[in-house]
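1. what's the 3D shape of this:
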Amino acid sequence: MYHHGWSDSQKGVHVKSLSPDGKDITIIYNGLLDKSGASQVFLHAGFGDPANWRIVDDYRMQRTPEGWKKTLNMEDSTLTFCFRDAANNWDNNNGYNWTYKIT
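-> I've put the predicted structure just below:
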């Protein structure tokens, strides 16, 4: 495991670095939507300034024993993200989303 990474264990959000430069990451989600029985979870994410997301997309996450997972390449040093399920319920950290930065 590389030294990059971040976790909000209380809300079930973890970011793991897969490369020394921190640009390849896996996001693991075990939060509210998972606990509510979501049949599918999507990562809603954008790069750059958290107040002005760029390259915004929804990524289908894969259910694994660790939780819902998605691997991404960081298009910028900052990633802001939240989650939604197939019924369009959102977990956006009470409107604050989550932000991961390569340092």
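2. and L18, what does it touch?
-> If you count contacts by CB atoms under 8 Å, 6 or more residues apart in numbering, L18 has them with 2, 24-26, 71. Where you see a C-beta, it was placed from the backbone N, CA and C, and this is true even at glycine.
3. Which of those sits closest to F42?
-> Ranked by distance to F42 (CB to CB), the contacts of L18 are led by T71 at 14.4 Å.
4. does that closest one sit in a helix or strand, and which one?
-> Using DSSP states H and E, T71 sits in strand 67-73.
5. Mind listing the residues bridging to the closest residue in space to Y29 that isn't next to it in sequence?
-> Leaving aside its chain neighbours, Y29 sits nearest to W68 (4.3 Å; criterion: CB to CB, 6 or more residues apart in numbering). Note on W68: beta-bridge partners by DSSP bridges are Y29, R63.
6. what's in contact with the helix or strand following the strand holding T71?
-> The helix or strand immediately downstream of strand 67-73 is strand 78-85, counting by DSSP H and E. Residues from elsewhere that reach strand 78-85, judged by CB under 8 Å, 6+ apart: 25, 27, 29, 31, 33, 36, 38-50, 53, 58, 61, 68, 72, 90-93, 97-102.
7. how near is the residue nearest the centre of the chain to G37?
-> Centroid-nearest residue in the chain: I27, 4.6 Å away (criterion: CA atoms, centre = their mean). Separation of I27 from G37 (CB to CB, to the nearest Å): 20 Å.
8. Check K16 too.
-> Distance of K16 to G37, computed by CB to CB: 25 Å.
9. Which one's more surrounded, the two?
-> Each of K16 and G37 has its neighbours counted (other CB atoms under 10 Å); K16 has more, 18 against 7.
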